[in-house]
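Participant: Provided below for reference: sequence and predicted model.
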Amino acid sequence: MSHKRGREAPREFYEPLLNRKAKWSGQDYAEFPTPAGVLAIFSAAAQEKYIPGSAKPATNRSVILEFKVTDVDAEYRRLQPVVKTWLKPPTTQPWGTRSIYFRDPDENLVDFYSPVPVRK
C-alpha cells in the first residue's frame with residue numbers, strides 16, 4: 001500500500017489500529033506483520049521511484065483491507081479516537097460476519113470482522 005503523507009502518518013494510524021509496532025526499513029517502507037500476512041506501507045515518492053506508475057495514493061476504491069478480530073464491538077469502541085472516517089458501525093452481514101468499515105488516512109477501505117455463529 002502506498003501512502004501520500006509523511007513517515008509518521010502510517011505509524012500514527014496503523015500502530016494503534018493493529019496493536020503492533022511498525023518494522024521500518026529505511027525512511028520509506030514499513031511492515032506490520034500479522035499472523036495472516038504482512039501489511040506493507042511504502043511512501044508514494046519511493047514507490048514512484050522504484051516502481052514508476054504503479055500506485056496513486058488516496059485514489060483506491062476497489063480494495064478492502066480486512067482484519068479478522070475477536071470482538072468487533074470492542075474494537076469499534078477502542079478505535080473511536082483513532083479512526084476519523086467511519087462508514088458502517090458494527091453490523092452483522094448476511095454472509096455471516098460482524099463487521100465495522102472505515103477509511104484509513106489515505107482513504108483505503110478497512111474492515112474489521114469476526115465470524116458469527118450460523119443459525120440453523
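Facilitator: Thanks, I have it.
Participant: Every contact and neighbour count from this point should use C-alpha atoms.
Facilitator: OK.
Participant: per-residue confidence at Ser2?
Facilitator: Listed pLDDT for Ser2 reads 48.
Participant: Pull the number of nearby residues for the closest residue to Trp86 other than its chain neighbours.
Facilitator: Nearest residue to Trp86 in three dimensions, chain neighbours excluded: Phe102, at 4.3 Å (CA to CA, 6 or more residues apart in numbering). Residues near Phe102, counting by other CA atoms under 10 Å, number 19.
Participant: My reading is that Phe102 lies in a helix. Confirm?
Facilitator: No - counting by DSSP: H, G, I helix; E, B strand; the rest coil, Phe102 is not part of a helix but strand.
Participant: For beta bridges, what are the partners of it?
Facilitator: On the basis of DSSP bridges, Phe102 takes part in beta bridges with Trp86, Val110.
Participant: so what's it up against?
Facilitator: Applying CA atoms under 8 Å, 6 or more residues apart in numbering, we find Phe102 in contact with 83, 85-88, 109-111.
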